[in-house]
Each structure stands twice: as C-alpha cells, then as structure tokens.
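Asks: sequence plus predicted model, see below.
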Amino acid sequence: MSQVAVITGGAGGMGLATAKIIGRDHTLVLCDVRQERLAAATATLAGAGITAAAVNCDVTDRQAVSGLFAAATELGTLASVIHTAGVSPSMGDADYVMRTNACGTVNVNEVFYETAGAGAAIVNVASMAAHMLPEEMIPTAQFPLALKDENAFLAEMASACSIAPEEARSGLAYALSKSFVKWYSTSQAERFNGRGLRIVSVSPGSIDTEMGRLEEQAGAGAMVADAAVPRWGKPEEMAALLAFCASTAAGYLTGTDILSDGGVIASMKERARIAAEND
C-alpha cells in the first residue's frame, strides 16, 4: 500500500516547503483551515509534479481531526504526520493562540496515537520561544490537564498569562503554548513508543514565511540581527529538517526537541553569562 504523509498547516510556509520534499515518495495529504490556500497549495504542488489530497480541517476540532485521519488512512498506510499548523501572537488573542497551538497539538497527536501503526512518526513544530521563558514562568505541572480536561487547561493557561499586561498576553500565550508542544513531545514519548510510534518536536527560530514576518516588528527582527547566523531562516531549511525527522532514517530519534534557530538562544545565553560576569 501507499505510504501516506499528512501535513497540517500544509498550505503555506514550512508546511508547503515540506510537502515538496515528502511528496516525492509519499502519498500526500494537506490540511489547512483556509480552503482557498489549500487550493493554491495543491496547484503549486501539481506544477512540481506532486499530487496532494486537500482536507479542510480546523485542528482545534477533534472531530474534524478524526475526519482528516480517516481520509488519510483510506489512501494507504499512515507513515508520518508533520504538524505545522499554528498561529503567532499577531494573529489573535491569548485564548485563540493557546487553543490553536496547544489544544490543536493534543488533538492531532492523540488521533495519530489512536490511528497510526507501528513505525509511524509525528513531528510537532514548537518554537525557539519555548526556550526563552524562565522555568518558573512555565506552568508545567498544569500541562497534563490538556489531555484530560481542555477547559480546565485553558483556564490555568489564562491564569498564567494574566501576569502580563493585556497587550502582551498573546505573546506570552504563544511562548507558553510552544513550551507545551515541547513538553508534550518529550513527556509522551514512552507512551507512544508502546505502540511503536515516534514523536519529536522541532523549534524553529525566525523563519522567512508569511507568519514569521508578521512578528518582524514584534522582536523577531532584532533577534535575527543578533543571532549567531544573522539572517532569517529559510522555509526550505526547516522543511529538510522536518522531513528528515519524519523519515525512517531518523528511526532512533524520539522524545526530544531540536532547536534550529540560527544560534539565537545560544547567543542569548552566552551574552547573559558574560554580562553576569562583568556585573
């Protein structure tokens, strides 16, 4: 049977770039919440000789996610999922950001867990923002609520964001939601392994995509200038990493997060160390 790869958020940015790689040797299913972008993406891929099935799906809706996976498994054996669907702070309020990034990740991963057979892999997209917050600001003890009671989880996350001024809460929600993605991808590895499944997260830095550029004036531009590699990352660079993590070549890779940020976090930590030494 065909080996099927699902890409959420597959209609643009890193998702579409990844589709151009994975679609070479997999039956491809693209998921996005915007139908017009899905149509444009499948046309772009067709121009490159890649056929993709398009499924309009809101990842915050568990039933819709179940439908996405049902459509995928009708096409063959589910080999991998690249979960790039998510939103940035400029795209909505704190609740919307948390619901999309954290609860959407739970929905996609839990349905993957229920559906996929041994040998399949899921790659989640976190963010370098997950590496920036002090540990004491991350309500990790409340993260498991997301698997049991979504409303209770969202209430706890809203409380965690309330320490910030109203205008800064979507940014904090983004960092916390991506911290959740990173936590989930490590904490659930043993459970996934029990079914022969791999789970990994990748934390991109500032990537030159439509969504990435939305945050250019909100601090991402300055971080790019200060990075060890002082430029925006290319979606194709992230796509190569995401495709590798999902491939059989990465069969020993699970339960970890890969930071690919042009050295931003490394630079920040070293500068902080030097500043502390000089105080």
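Replies: Okay, I see it.

Asks: and the pLDDT for the closest residue to Ser66 other than its chain neighbours?
Replies: Nearest in space to Ser66, with sequence neighbours left out and distances taken as C-beta to C-beta, 6 or more residues apart in numbering, is Val111 at 5.5 Å. In this view, the C-beta of every residue, glycine as well, is placed from N, C-alpha and C. pLDDT, Val111: 98.

Asks: what's the helix or strand for Val111?
Replies: Secondary structure assignment for Val111, by DSSP states H and E: helix 104-115.

Asks: centre of the chain to the next helix or strand after that helix, how far?
Replies: Sequence order places strand 121-125 as the next helix or strand after helix 104-115, per DSSP H and E. Chain-centre distance of strand 121-125: 7 Å, with C-alpha atoms, centre = their mean, to the nearest Å.

Asks: any weak-confidence spans in this structure?
Replies: Filtered on pLDDT under 70, the chain yields the residue ranges 1, 209-229.

Asks: apart from its chain neighbours, what residue comes closest to Val123?
Replies: Cys245 (4.6 Å).

Asks: which residues touch the strand or helix carrying the one you found?
Replies: Using DSSP H and E, Cys245 sits within helix 235-246. With C-beta atoms under 8 Å, 6 or more residues apart in numbering as the test, helix 235-246 has contacts from 5, 13-14, 16-18, 20-22, 79-82, 84, 121-123, 125, 200, 202, 204, 207-209, 250, 253, 258, 260.

Asks: angle of it against strand 121-125?
Replies: Computed by axes from the mean of the first three to the mean of the last three C-alpha atoms, to 10 degrees, the angle separating helix 235-246 from strand 121-125 equals 150 degrees.

Asks: which elements pack onto the following helix or strand past helix 235-246?
Replies: Later in the chain than helix 235-246, the nearest helix or strand by DSSP H and E is strand 256-260. With contacts defined as 3 or more C-beta pairs under 8 Å, 6 or more residues apart in numbering; DSSP states H and E, strand 256-260 has these neighbours: helix 169-187, strand 198-204, helix 235-246.

Asks: let's have the ones you listed in CSV, adding distance to Met132 and mean neighbour count.
Replies: Converted to CSV, the helices and strands packed on strand 256-260 look like this (distance: least, C-beta to C-beta, whole Å; neighbours: other C-beta atoms under 10 Å):
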stretch, distance to Met132, mean neighbour count
helix 169-187, 6, 24
strand 198-204, 10, 25
helix 235-246, 18, 21
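
Asks: with distance to Ala130 added, can I get these in CSV?
Replies: Converted to CSV, these look like this (distance: least, C-beta to C-beta, whole Å):
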stretch, distance to Ala130
helix 169-187, 4
strand 198-204, 6
helix 235-246, 15
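
Asks: gap between the residue nearest to Val123 and Lys234?
Replies: 17 Å (C-beta to C-beta, to the nearest Å).

Asks: what of Lys269?
Replies: The gap separating Lys269 from Lys234 is 24 Å, by C-beta to C-beta.

Asks: quick one, which of those two is more surrounded?
Replies: For Lys269 versus Lys234, neighbours defined as other C-beta atoms under 10 Å are more numerous around Lys234 (14 against 11).
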